[in-house]
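# No letters, just coordinates:
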């Protein structure tokens, strides 16, 4: 990973910046930048206005197909930036198939009030190890991402802690999934999924790395207290999610007896166990604690969403609501129709299922059909985390990328559900032409593969389909839930300072 030449477009100016890589796997965050104002969840320049990171992991960079890049649009009209491994001074080189930006997460690692961006590059080759993977943490500063502390690179076999003692191997896919945030005590953390990690001779068993302050540990099915046995193709860490109280890990390849790729999910707490890892709290598959039955190819745990939740009678949001997608679930109406289940997890780790969500449930819009893959992507939000959660404040968006809309095969859709109460009470379906999304449904657009949620908006990416419609759209929750076309914020190639073109602009949004 040598240094490359290229251009970094900072906020408001096309300026080449010198970015020096911090030691790989370094535990201590770099010195904080001065002048940032804390309080906005995604605010890379610390001015109090929300910014947005939009990945195009299939973009061609410097002639390298699918090298990938991330575009930043600063709030308040303060310009755009382009992040790739071809930017001046950025560590690494843009290479064919790296898919830079396959995963994104936001945290404030150095607690300076400016948000920092973690970028997953799971198909990065390290030496002779193809697709070993890596993660870059790019620090925010008043001048924008990359104008402050040095970029921090994380990859196996370098730095300190368990990341350093883990060998980078071919097709580990380090950085395939990312989750980040801050604990209830305000400590920033980063969770890195490595679903292709081999454990001894067990191929693709998978692991997760957890970083918080001086903590740098790995977690897998052979870790003390973690339920299960590492097996070939478990792919523990394919999906990760986190809240201030909890961490969730999906292993969609988990075999339940002879039913391969049935899937499972695990919940851990941020406090450390006596063994020095996030304390294991609960585990789920479709034979234990979950309604239904475990079947081959269900892929339970392919997608996760986790939000803080204050139940009635509680003084604060000590619980988390966990949604788990099983897009390969068969139903009475079709094959691979999909489902999602919701679990209420307490601070101590007790958990119970509270909802089973699919298009076969009473009152839910639509009918489950072959290849809908309901639950392939999930996004959840608590719009009022300090208050007792209600059906109008704790919400779940479910991607249904294989949904056929009239004659448009695999056009895709998004369905909205309350996370409290019956799923059919107030659910809403959104496709192209609904709630302000532009255009008309077309074939193989796979709407619902890119979702993110904040307290004010649902972000829907349209990375495929008609070029004129491609982009990211911020929909106001009241408009989405009411099914009305309200005010929509759009980020599209060729508009608002964003360059035209791209292969999958909007595939990942934060």
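Okay, I see it. Remember, predicted model here, so these are calculated numbers, not experimental data.
# can you give me the helices for the stretch 151-300 of the chain?
161-165 (DSSP state H, counting those that start in this stretch).
# and what of the chain?
For the chain, the helices defined by DSSP state H cover 161-165, 477-482.
# Buried residues, the longest one. List them.
Buried residues in helix 477-482, defined by neighbour count with 16 or more other Cβ atoms under 10 Å: 477, 479, 480, 481. Heads up, the C-betas are built off the backbone N, CA and C, glycines and all.
# got it, and the shortest one?
Buried positions in helix 161-165, judged by neighbour count with 16+ other Cβ under 10 Å: 161, 162, 163, 164.
# Go ahead and name everything in contact with it.
25, 27, 154-158, 209, 211, 215-218 (Cβ atoms under 8 Å, 6 or more residues apart in numbering).
# Now those residues in TSV, please, with extra columns for distance to residue 438.
Below are those laid out as TSV (distance: Cβ to Cβ, whole Å):
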residue	distance to residue 438
25	43
27	46
154	38
155	40
156	42
157	46
158	45
209	39
211	39
215	45
216	44
217	45
218	44
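# ok, which pair from the residues you listed is furthest apart?
Checked with Cβ to Cβ, the contacts of helix 161-165 reach their widest spread between 157 and 215, with 19.0 Å between them.
# coming back round to it: and which of the buried residues of helix 161-165 is nearest to residue 503?
If you rank the buried residues of helix 161-165 by distance to residue 503 using Cβ to Cβ, residue 163 comes first, at 30.7 Å.
# Retrieve the pLDDT associated with the closest one.
If you check residue 163, the pLDDT there is 97.
# cool, residue 26 as well?
pLDDT, read off for residue 26, is 40.
# same question, residue 242
97.
# Tell me what it is bridged to.
Beta-bridge partners recorded for residue 242 (DSSP bridges): residue 247.
# who's in contact with it?
By Cβ under 8 Å, 6+ apart, the neighbours of residue 242 are 179, 180, 181, 189, 191, 248, 306.
# one more time with 6 Å, if that's ok
179, 181, 191 (Cβ atoms under 6 Å, 6 or more residues apart in numbering).
# any idea how far it is from residue 445?
30 Å (Cβ to Cβ, to the nearest Å).
# can you check residue 502 too?
Distance, residue 502 to residue 445, using Cβ to Cβ: 15 Å.
# who has more neighbours, the two?
residue 445 (26 against 23; other Cβ atoms under 10 Å).
# Phi first, then psi, for the more buried one.
When quoted as degrees, to the nearest 10, the phi and psi of residue 445 stand at phi -90, psi -20.
# Just give me the neighbour total for the spatially closest residue to it that is not a sequence neighbour.
Excluding its sequence neighbours, the residue lying closest to residue 445 (Cβ to Cβ, 6 or more residues apart in numbering) is residue 465, at 3.4 Å. Residue 465 has 21 neighbours, counted by other Cβ under 10 Å.
# With residue 326 instead?
When neighbours are counted by other Cβ under 10 Å, residue 326 registers 32.
# again, but for the one 5 residues further on
A total of 20 residues lie near residue 331 under the criterion other Cβ under 10 Å.
# in the sheet, who's paired with it?
residue 334.
# how close does it sit to residue 494?
From residue 331 to residue 494 the distance is 41 Å (Cβ to Cβ).
# Likewise for residue 357?
37 Å.
# So which of these two has more stuff around it?
residue 357 (25 against 15).
# residues in contact with that one?
Residues near residue 357 by Cβ under 6 Å, 6+ apart: 340, 417, 423.
# Could you check the pLDDT of it?
Per the predicted model, pLDDT is 95 at residue 357.
# Show the model's pLDDT score for residue 126.
95.
# Is it in contact with residue 153, as I believe?
No: judged on Cβ atoms under 6 Å, residue 126 makes no contact with residue 153 at a distance of 10.6 Å.
# where's residue 352 relative to residue 400, distance?
From residue 352 to residue 400 the distance is 26 Å (Cβ to Cβ).
# quick one, which of those two is more surrounded?
It is residue 400, of residue 352 and residue 400, that has more neighbours when counted by other Cβ under 10 Å, with 30 against 11.
# quick one: contacts for the more buried one?
Counting by Cβ under 6 Å, 6+ apart, residue 400 has contacts 372, 374, 413, 448.
# That one and residue 324, how far apart?
16 Å.
# same thing with residue 206?
Taking Cβ to Cβ, one finds residue 206 at 16 Å from residue 324.
# Next, count neighbours for residue 63.
9.
# now swap in residue 489 and tell me
16.
# That one contacts residue 474, doesn't it?
Yes: if you go by Cβ under 6 Å, residue 489 and residue 474 touch, sitting 3.8 Å apart.
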